[in-house]
Structures are given as C-alpha cells and as structure tokens.
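Visitor: sequence and computational prediction follow.
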Amino acid sequence: MGEHIPGKMDIRAQEKTFLGFIKMVIWGFALAALTLIVMALANA
C-alpha cells in the first residue's frame, strides 16, 4: 500500500460534483422563491 501524502490526491471529480450540487441548490432556491412570488401576486 502506498504512503499517504497530504495534498497529492486528485480531487477534480469531487470538485465537479460539489459545483454541480451548489448550482442545483441555487436553482432550487431561485425556483422556490419565484414560485412564492407568483403565488403572492396571484392572490393580491
């Protein structure tokens, strides 16, 4: 088994997954906010 060397692991896949998750959270929040705004205006 190889020796563990901090900072040498390739984390490109993890970074790509994390950025995708952040984008999904932002889009989900925007969609929820837009839905609430439309619902508020429809009942005004």
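Guide: Perfect, I can see it now. These numbers were taken from a predicted model, which means no experiment stands behind them. Residues are numbered from 1 along each chain as shown.

Visitor: can you give me the helices in this structure?
Guide: Under the criterion DSSP state H, the chain contains helices at 12-42.

Visitor: tell me the contacts of the most centrally placed residue in the chain?
Guide: By Cα atoms, centre = their mean, the mean C-alpha position of the chain lies nearest to Ile22, the distance being 1.5 Å. With Cβ atoms under 8 Å, 6 or more residues apart in numbering as the criterion, no residue contacts Ile22. Every residue, glycine included, has its C-beta placed from N, CA and C.

Visitor: mind checking how far it is from Pro6?
Guide: Going from Ile22 to Pro6 by Cβ to Cβ, to the nearest Å gives 25 Å.

Visitor: what does Lys23 give?
Guide: Lys23 is 29 Å from Pro6, by Cβ to Cβ.

Visitor: more neighbours: the two, which one.
Guide: Lys23 (10 against 5; other Cβ atoms under 10 Å).

Visitor: return the distance of the more buried one relative to Ala30.
Guide: Distance, Lys23 to Ala30, by Cβ to Cβ: 11 Å.

Visitor: where does pLDDT dip in this protein?
Guide: For the chain, the stretches with pLDDT under 70 are 1, 44.
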